[in-house]
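Enquirer: next come a sequence and a model predicted from it.
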Amino acid sequence: MYLVNQCFPLKCGKDRTGRSWKNNGLAGLTCSKAVFPRALFVLPGDLEQQSMRVILRACAAVLIWGCFGAAAAQAPAQPAPQETTVERQVRALANRDTQIGLYLNVLPDCTSGPLPTIRLVTAPVAGKVVVKSAKAKATNYKACLALEVPAYVAFYKAPPEFLGDDALTIEVKYQGGRTEIQKITVKVGGPGGQQKI
């Protein structure tokens with residue numbers, strides 16, 4: 001005996017074995033929708049095949065959509081580009097410290113976040129690069145009207161006899177994975193603006 005909901009037609013009488021309701025122990029039950037408003041008792045027959053088809057289709061649908069859901073969950077999201085490259089030029093005088101970079105981390109509430117990690121990827125041929133700790137003061141920076149935060153300042157210094165172009169590459173890594181590659185060309189001139197030709 002199967003319990004099915006009201007969407008199947010009501011069939012009363014004998015099942016396919018030839019037994020009646022009475023012989024199956026259902027003598028006290030009547031085949032009236034008033035007696036069974038929510039569900040009907042139906043004996044196996046052609047409804048058995050219909051029920052099995054509906055159940056199999058429902059299971060197949062659940063399995064198919066479950067596979068699509070699992071595949072979607074396993075598909076990696078495309079990460080935003082975490083590495084950017086910046087190229088710039090700086091003018092410098094021989095034998096003088098020249099600022100080539102200022103590195104800080106200002107949070108939306110105008111306080112300082114963790115400072116980035118700075119690495120010299122390609123050293124300059126002629127000069128030297130050093131990084132010093134400093135305090136950076138700024139006004140009207142984004143939403144911050146006035147702030148003072150710790151910072152790193154990078155300096156380049158060429159030897160007294162050097163005139164011409166020098167190149168270096170700095171890697172700046174911020175917390176959260178963002179990396180900036182800075183390719184800096186330093187144009188070193190003499191005190192009177194002379195430059196090696």
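Expert: Arrived safely, thanks for sending. What you are looking at is a predicted structure, and each value in this text was computed from that prediction instead of being measured.

Enquirer: mind listing the helices for the protein?
Expert: 46-74 (DSSP state H).

Enquirer: any regions of it where pLDDT drops low?
Expert: 1-81, 192-197 (pLDDT under 70).

Enquirer: and G101, how many neighbours?
Expert: 19 (other Cβ atoms under 10 Å). For every residue, glycine as well, the C-beta is placed using N, CA and C.

Enquirer: repeat that for the one 4 residues further on.
Expert: When neighbours are counted by other Cβ under 10 Å, N105 registers 17.

Enquirer: pretty sure it is touching P116, no?
Expert: Yes. Here N105 lies in contact with P116, judged by Cβ atoms under 8 Å, at a distance of 6.5 Å.

Enquirer: which residues do these two both contact?
Expert: 174-175 (Cβ atoms under 8 Å, 6 or more residues apart in numbering).

Enquirer: ok, the closest residue to T98 other than its chain neighbours to P124 distance?
Expert: Nearest residue to T98, sequence neighbours excluded (Cβ to Cβ, 6 or more residues apart in numbering): A92, at 3.8 Å. Taking Cβ to Cβ, to the nearest Å as the measure, A92 falls 11 Å from P124.

Enquirer: common neighbours of those two, please.
Expert: Shared contacts of A92 and P124, defined by Cβ under 8 Å, 6+ apart, are found at 156, 186.

Enquirer: quick one: residues contacting L115.
Expert: Counting by Cβ under 8 Å, 6+ apart, L115 has contacts 103-105, 150-152.

Enquirer: just the buried members of the residues you listed?
Expert: 103-105, 151-152 (16 or more other Cβ atoms under 10 Å).

Enquirer: for the residues you listed, work out which two are farthest apart.
Expert: Using Cβ to Cβ, the buried ones among the contacts of L115 span at most 9.9 Å, a distance reached by N105 and Y152.

Enquirer: give me the common contacts of those two.
Expert: Contacts common to N105 and Y152, judged by Cβ under 8 Å, 6+ apart, are 115-116.
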